[in-house]
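Chemist: Just the structure for this:
(chains A and B, ligands or ions: 1)
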Amino acid sequence: MPSTPEKVHVALVYQSLLGIYGDRGNATVVTKRLQWRGFEPVLTVVEPGDPLPQDAHIYLIGGGEDAAQISAARLLRADGALQRAAERGAAVFGVCAGYQILGRSFTVGEHDQVTEGLGLLDVTTTRGPQRAVGELLGTWSGADGEARHITGFENHGGWTTRGPDAEPFCTVEVGIGNGDGTDGAVNGTVIGLYPHGPLLARNPALADHVISLGLGGRELPPLDHPEIAELRRQRLAAVRPGR
Amino acid sequence: MAPMTTQTLQRPAAPAAPRSPVRRLRSRLARLAGGAAAAASRLSGRGSGASIRGQVMLRLDPDALATLLQGRRIVAVSGTNGKTTTTHLLAAAVRQGLGDQAHRLVTNADGANLHHGIASALSRSPRADVAVLETDERVVADVVRLGRPEVLVLLNFSRDQLDRHHEIKALGRSWRNALEAAGEDGPVVVANAEEPLIVWAAQTARRVVWVDTASTWQQDASLCPQCGAGLARTQPDPETGEGGDWSCTGCELAEPRADLRVRDGEIVDADGRRWRPDLQVPGAFNVGNAAHALAAARLLGVGTEDALAGMHTVTAPAGRFATARFGDTTARLLLAKNPAGWAEALPLATTSTVVLAIDSAAADGRDVSWLWDVEYEQLAGRNVVCTGPRAVDLAVRLRYAEVEHQVEPDLARALAGHPEPVDVIATYTPFQRLRRMGGV
Ligand SMILES: [Zn+2]
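Modeler: Numbering: from 1, shown residues only, chains lettered A, B, ... in the order given. Model (predicted):
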């Protein structure tokens, strides 16, 4: 543990536009896990109209309704800070609408209006054959290569097609995700996933992975919380009856 | 407030249109079958039977709701939070106004507010010609279309059960379209001026009485429902007691001038007259609910003094704020269904031990992500007991809020053995279980 706490800058992007499903929980989780390890997290809640910080280690983007998503994508394209953040290797983590915004384009609304995204992930989102609403269970290979479950709740109308430059983030056992048996996408330090809200609360290894990416790949001492392990056990049991 | 109405409460409703003998017979059979199903449900201990009665009736007679709404003077009450309490406040006000004719009032006091719940309540009082109806947000458009209410109360509009109705704007649009289609036959709307989506939805109404409840919750509205631009807000001024207001940065939509305002626990009208409602239900938000109920009661022709006297009699609408015994434990029951509701309920929970009950059944919303939009941090230093099927989801939220807590998923065990009174805040399904367990 450093003697003077090391500052780690976390930016929560457009909370009032992209925070519909408790997505601020991801910022709570990231800052607390930093604090519990002796870092000094500095959280900036960025609202529309304010510029994004240029020097954050970690950028978190949540989900929102259609009109909010379109507004947010336009503002973020004009701002440019997320593209620069990805170039310099900061962690950029988006869920739900935030994931779609990180891609090349997405369609929302009754008229399937196409909106350009940030192009940080090689994915394209169009209206799916059905709305994806419910628990999602996936498997990713953690930073150490060990297989780990992803558990979360998804609620989105768009399904996502990966281009040749997009690695899926995880395979999907229960739920819809991208719609092709995978969920999310990853490109360097940029990660997008469908399960919204406090996804990082249910998936502490993923939370630590995002933090580690923001700190240039640094290894973090483990944190042990039996309640989080119990929550993961319960959610897995809920979506895998009889197993 | 200028004289709000030329109505008098004593005016009878317009008679229902005559129906053919066949349709009358079908209605009657449907009512009988519904009553039998309700009785069976009560006997088997499954509940009040209101819901099953309505379901059976509507299956046998799909026009039952339209038929039952006819020939009555109707006030519909809707919104995300506070509809049950406001319905009780308004019904009590109208009951007081009716005096010895109180039997003319029908209301769905049990909170069953979907098509079948409303039909069930109406079918049990065929002769009551004044109806105060709690109405689910999804049913408002149908009630406006089928029942031609005189007054529609729209309290607020916030995120609730997004796994089911994922876009709240679509609901607002359904209200707006129904009011537009009703035109001059439509209701006078009593609406919350602080909520952009409600203001937009009520624009098509023939007349609106605006209420400013001095609410501080604004996390659910950031974009203009009309044009999509950002909303600008001025913050409330604690010095002058003036509330903040909002306006669109892209079009003319802005907070309308209120006809009734809530300030420091008082209801103030446009002429500066003030009333302090002597309520037995707690919390500043219930003064806001009372302001809506007062406006609606006056539109029906109830005098202000009668309305306030009636509202004073309301103590525990459908179990909300009721105190019950659970073995040796005395507990007060608070309901909170979404972040806005929790923001209201948490400051009311003042006991040293607080029990929080969380479920994710259909009626609660299957997604508990909203736990992260509630400021549980304010419970630091208290004894918190997490209960209900999603107790561990709450426990993890509290861990990150650094609030000490115990986990006891079983409701009865979570409530057992508290020597001091406890406040319980519950989502919908555990709240209903607690009502049954506590007999309230
Ligand atoms: Zn506008």
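
Chemist: Identify the residues contacting the spatially most central residue of chain B.
Modeler: Residue closest to the mean C-alpha point of chain B, counted by C-alpha atoms, centre = their mean, is residue B:83 at 1.0 Å. Neighbouring residues of residue B:83 by C-beta atoms under 8 Å, 6 or more residues apart in numbering or on different chains: B:77, B:113, B:134, B:135, B:155. Heads up, the C-betas are built off the backbone N, CA and C, glycines and all.

Chemist: Please report how far the third one lies from residue B:344.
Modeler: What it means is residue B:134. 18 Å (C-beta to C-beta, to the nearest Å).

Chemist: re the thing from before, pick the one among the contacts of residue B:83 closest to chain A.
Modeler: Distance ranking of those against chain A, using C-beta to the nearest C-beta, places residue B:155 first at 20.7 Å.

Chemist: Excluding chain neighbours, what is closest to the closest one?
Modeler: Leaving aside its chain neighbours, residue B:155 sits nearest to residue B:79 (2.8 Å; criterion: C-beta to C-beta, 6 or more residues apart in numbering or on different chains).

Chemist: Now residue B:315. Its backbone dihedrals?
Modeler: The phi/psi pair for residue B:315 (degrees, to the nearest 10) reads phi -120, psi -50.

Chemist: before we move on, what about the one 3 residues further on?
Modeler: Phi and psi for residue B:318, reported as degrees, to the nearest 10, are phi 50, psi 40.

Chemist: and it, what pLDDT?
Modeler: If you check residue B:318, the pLDDT there is 95.

Chemist: do you know how far the closest residue to residue B:10 other than its chain neighbours is from chain A?
Modeler: Distances taken as C-beta to C-beta, 6+ apart put residue B:301 closest to residue B:10, at 7.4 Å, once the chain neighbours are dropped. Distance from residue B:301 to chain A, counting by C-beta to the nearest C-beta, to the nearest Å: 40 Å.

Chemist: Neighbours of residue B:301, how many?
Modeler: Using other C-beta atoms under 10 Å in any protein chain shown, residue B:301 has 19 neighbouring residues.

Chemist: roughly how far apart are it and the ion?
Modeler: Using C-beta to the ion, to the nearest Å, residue B:301 is found at 37 Å from the ion.

Chemist: beta partners of the residue most central in space within chain A?
Modeler: By C-alpha atoms, centre = their mean, chain A has its centre lying nearest to residue A:94, at 3.2 Å. Beta-bridge partners recorded for residue A:94 (DSSP bridges): residue A:61, residue A:192.

Chemist: same deal with residue B:423?
Modeler: Counting by DSSP bridges, residue B:423 is bridged to residue B:332, residue B:354.

Chemist: Am I right that it is in contact with residue B:347?
Modeler: No: counting by C-beta atoms under 8 Å, residue B:423 does not reach residue B:347; the two are 10.7 Å apart.

Chemist: And residue B:339, how far from residue B:346?
Modeler: 10 Å.

Chemist: what sits in contact with each of those two?
Modeler: Shared contacts of residue B:339 and residue B:346, defined by C-beta under 8 Å, 6+ apart, comprise residue B:374.

Chemist: Which pLDDT does the model give the nearest residue to residue A:63 once chain neighbours are set aside?
Modeler: If the residues on either side of it in the chain are set aside, residue A:63 comes closest to residue A:96, at 3.0 Å by C-beta to C-beta, 6+ apart. pLDDT recorded at residue A:96 is 96.

Chemist: Residue B:16 too?
Modeler: 78.

Chemist: got the residues of chain B near chain A?
Modeler: B:159, B:162-163, B:166-169, B:219, B:222-223, B:228, B:230, B:366-373, B:392-393, B:395-397, B:399-402, B:407 (C-beta under 8 Å from any C-beta of the partner chain).

Chemist: mind listing which of these are in helices?
Modeler: Per DSSP state H, helices hold the following members of these: B:168, B:169, B:392, B:393, B:395, B:396, B:397, B:399, B:400, B:401.

Chemist: Contact partners for the fourth one?
Modeler: Right, the one you point to is residue B:393. By C-beta under 8 Å, 6+ apart, residue B:393 lies in contact with A:231, B:358, B:368, B:371.

Chemist: Would you map the helices across the stretch 101-250 of chain B?
Modeler: Assigned by DSSP state H, counting those that start in this stretch, the helices in the stretch 101-250 of chain B fall at B:115-124, B:140-147, B:168-182, B:196-202.

Chemist: How about the contacts made by the nearest residue to residue B:390 once chain neighbours are set aside?
Modeler: Of all residues not flanking residue B:390 in the chain, residue B:358 sits nearest, at 4.2 Å (C-beta to C-beta, 6+ apart). Residues counted as contacts of residue B:358 (C-beta under 8 Å, 6+ apart) are B:364, B:368, B:371, B:386-391, B:393-394, B:426-427, B:430.

Chemist: For residue B:358, give its distance to chain A.
Modeler: Residue B:358 sits 12 Å away from chain A, going by C-beta to the nearest C-beta.

Chemist: ok and the helix or strand containing residue A:229 relative to helix B:391-401, angle-wise?
Modeler: Secondary structure from DSSP states H and E places residue A:229 in helix A:226-239. With axes from the mean of the first three to the mean of the last three C-alpha atoms, to 10 degrees defining the directions, helix A:226-239 sits at 150 degrees from helix B:391-401.

Chemist: and helix A:226-239, how far from the chain's centre?
Modeler: Relative to its parent chain, helix A:226-239 has a centroid offset of 20 Å by C-alpha atoms, centre = their mean, to the nearest Å.

Chemist: What of stretch B:394-403?
Modeler: Averaged C-alpha coordinates place stretch B:394-403 at 29 Å from its chain's average position (C-alpha atoms, centre = their mean).

Chemist: how about that stretch as PDB, C-alpha atoms only?
Modeler: Extracted in PDB, the C-alpha atoms of stretch B:394-403 (Å, rounded to 0.1, in the frame of the first residue of the first chain):
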ATOM      1  CA  LEU B 394     -29.300  -5.400  -0.900                       C
ATOM      2  CA  ALA B 395     -26.500  -6.700   1.400                       C
ATOM      3  CA  VAL B 396     -23.900  -6.200  -1.400                       C
ATOM      4  CA  ARG B 397     -25.300  -2.700  -2.000                       C
ATOM      5  CA  LEU B 398     -24.900  -2.000   1.700                       C
ATOM      6  CA  ARG B 399     -21.400  -3.400   1.800                       C
ATOM      7  CA  TYR B 400     -20.400  -0.900  -0.900                       C
ATOM      8  CA  ALA B 401     -22.300   1.800   1.000                       C
ATOM      9  CA  GLU B 402     -20.300   0.800   4.100                       C
ATOM     10  CA  VAL B 403     -23.500   0.300   6.100                       C
END
